[in-house]
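>>> Need coordinates for the below:
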Amino acid sequence: MTIESRCLKKIKRIVQNELGPFSVLPQGSKARLIALFSLHTYKRNQLITRPSKEADFLYFLVEGAINLKIKDQIIPLKEGMLFGEECALDQKDYIGTATATSQDVTVARIHKYDLIQLVKNDRKMLNELILNFSREFTRKFQQKPEKGIRKKKVDLPFNENIYLFGWILAILTPIILFYVLGNYYDFQIKQKLFLCILSGTLITWAFRLVPEFIPSIFALLISLGIGLTDPKVILSGFSSRTFIMALGIFGIAAIIMSSGLLYRILLNLLNKVPKNNILVNMSMFTLGSILTPTVPDMTNRVNLSASFVKDAYATLRLHYKEKMWTVVVANALQSVTLLGPSFLSSSVRNYVLLGLFWGQYQAQFQWMGWLKASFVTALILIVLHSIAMAILMRGFTKIKLSKTLISRQLETLGPPTSYEWAAAVGTLICFIGMATSRYHRINPETIALLVMSTFLTFSFIRRDGFNTDINWTELVYLAGLTGLLSTANHIGLLHMISDKLEFVGNYILGNFNKTIAILFVLITLTRFVMPKGPTIFIFGSILIPIAQTIGISPWIMAFIILIFGESFYFPFQSPEYSNFRFVLMKNHPFKERSVLTLNAILNLLKLAAIYLSLPYWKSIGLLSL
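Predicted coordinates for the structure are as follows:
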């Protein structure tokens, strides 16, 4: 048995110990924990911890002997014992000195951030884990530790003057606009009021004064308060087909994320794939691509992707200073962002634009119709991404997959649980049902809601999970935007805009290829001052009605807006990327400039992919220009 295999076996033993501090963790977290431990070797008399050293790591003695000195007390540590519990109890520094006393000492250590991340979403489990470490701590030192974990305040860069200016502008602009529009008799009073409400909403979005979903709800409340139109129209977003569809998909995503199925798929992919740089990266890209249609929230997808990359860090035997590590990080990011517009269920913004389609188009571009139209573009993007990755990885040393570590993790996971089977079967039923809806005549939203209801009935989604695992803010955001668009359509504003911008429609008909390039530039520039959600909302509400009026498929216009609108070039343009960076940079830093450069190149390739897709769209009747 190799040294690595022997050490991993001992780590697995303490992680799975039912009386140990990790006993509260679910099997999936225990399997992750094994990969997060890193092995380190010390010689006799070498210091491992000391009182002046920051308590960042929890240690587990794998082989050898250690003396732990606290004040005048010396405690001999044997193989299998933990030390450094101060980090889990949020002590600033270690209070003891750990010294190697045998010729060769092997320890496994895990960073406190990685440890807490395993249970950060489960407060009860976090408290139990801390309590277990507290017992271990007091058992050795007879010293009462601090209880709980202090929440560290994160100071974000923030300009109060800009914040104040944004609020003043959000309040004054609707008032000024109302008087300016008073001189234009083409606008009805309801249309003027709606534009005033919308102006305040857009400024709130532009200055990022509050979370994105709040301005849309506030706009609905004002519209209801002043009696702008029928309340059924204003609140129609909460009863629309798109809202019901999104609710069902979010419910299915909740059990997929909590079941541990995705982590099992990752381990099996890495276990089967040969030790080849391109194949390993493509297997991880495949997992991200599976996430795209099944998890309809990019924030959750990016967080899962970051988690998988961290899990794979030890398995792939990479060092964060290696170029290959940066390539792996870039690949993981693109795996969950590149194909978003290609799947209807990947984002609530797709559903918002679908709500602008006329009735027959809405029926045509449900889940399978949307995928059929975007299939070739997605394929082109995958090929272009693969070529870019192959060029980047030329001359790199081979990734050294630790099959032994993966085997230990799979053993720890054990056989698939009932939750994993439910997630797998439910997801297959849902997406096969939606793909074949034209044959059995059951609406896709009905299928998605039925699967979610089944999960609730058999307690695969519990009441607390229903409250916390489903992203209700995204659903409220969807309902709010859908309600605003329904209101604008009901009061005739969208039709009026289409009439006023008839010259734009004529230009698009005569210069469609140029229009694509112009949209790329306009949307890219807008994204520097607007979040992606409002950008997509603005361009969609203007251009999709025009496209339908002049006989162009609204899906093509929606797809172009989505694929350009979701692109970003700098971290401030994407909260999801900022969070991705935060999760990895702390313990697994990467060369950010290289990741952003690759992302920018792929953004330009998206424009090429649109042009290359035009013949296909013409062949299936979506484009006749």
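>>> average pLDDT for the helix or strand hosting residue 547?
Under the criterion of DSSP states H and E, residue 547 resides in helix 532-549. Across helix 532-549, the average pLDDT comes to 91.
>>> Packing partners of that helix?
Judged by 3 or more C-beta pairs under 8 Å, 6 or more residues apart in numbering; DSSP states H and E, helix 532-549 is in contact with helix 189-206, helix 348-354, helix 472-490, helix 493-500, helix 502-510, helix 512-526, helix 554-565. From N, CA and C alone the C-beta is placed, and that goes for glycine too.
>>> Now find how far off-centre that helix is within its chain.
From the chain centre to the centre of helix 532-549 is a distance of 24 Å (C-alpha atoms, centre = their mean, to the nearest Å).
>>> Could you shift the numbering so residue one becomes 47, and keep it that way?
In the new numbering, first residue 47, that becomes helix 578-595.
>>> For that helix, list every residue counted as buried.
The neighbour-count check on helix 578-595 (16 or more other C-beta atoms under 10 Å) flags 578-594 as buried.
>>> how many degrees apart are it and helix 600-611 in direction?
Here the directions of helix 578-595 and helix 600-611 differ by 150 degrees (axes from the mean of the first three to the mean of the last three C-alpha atoms, to 10 degrees).
>>> Need the residues that contact whichever helix or strand residue 207 is part of.
For residue 207, the host element (DSSP H and E) is helix 206-227. Here helix 206-227 makes contact (C-beta atoms under 8 Å, 6 or more residues apart in numbering) with 233, 238-239, 241-243, 245-246, 249-250, 252-253, 255.
>>> before we move on, what about stretch 350-359?
Outside stretch 350-359, the residues that touch it by C-beta under 8 Å, 6+ apart are 78, 81-82, 160, 163, 303, 308-309, 312, 316, 330, 333-334, 337, 341, 366, 371, 374-375, 378-379, 381-382, 625-626, 629-630, 633-634.
>>> Which ones among these lie within helices?
If you go by DSSP state H, these have 78, 81-82, 160, 163, 303, 308-309, 312, 316, 330, 333-334, 337, 371, 374-375, 378-379, 381-382, 625-626, 629-630 in helices.
>>> Among those, name the buried ones.
Buried subset of the ones in helices among the contacts of stretch 350-359 (neighbour count, 16+ other C-beta under 10 Å): 78, 81-82, 160, 163, 303, 308-309, 312, 316, 330, 333-334, 337, 371, 374-375, 378-379, 381-382, 626, 629-630.
>>> Phi, psi for the residue of the chain positioned farthest from its centre please.
Going by C-alpha atoms, centre = their mean, the residue of the chain most distant from its centre is residue 118, 50.0 Å out. Backbone torsions for residue 118, taken as degrees, to the nearest 10, come to phi -100, psi 0.
>>> and the gap between it and residue 220?
Going from residue 118 to residue 220 by C-beta to C-beta, to the nearest Å gives 72 Å.
>>> re the thing from before, looking at the helices and strands packed on helix 578-595, which is closest to residue 499?
For residue 499, the closest of those is helix 518-536, at 16.0 Å, according to C-beta to C-beta.
>>> Give me the contacts around the closest one.
Applying C-beta under 8 Å, 6+ apart, the set of residues contacting helix 518-536 is 240, 244, 247, 257-259, 262-263, 265-266, 269, 274-276, 279-284, 286, 288-289, 292-293, 296, 342-343, 394, 397-398, 401-402, 540-541, 579, 583, 587.
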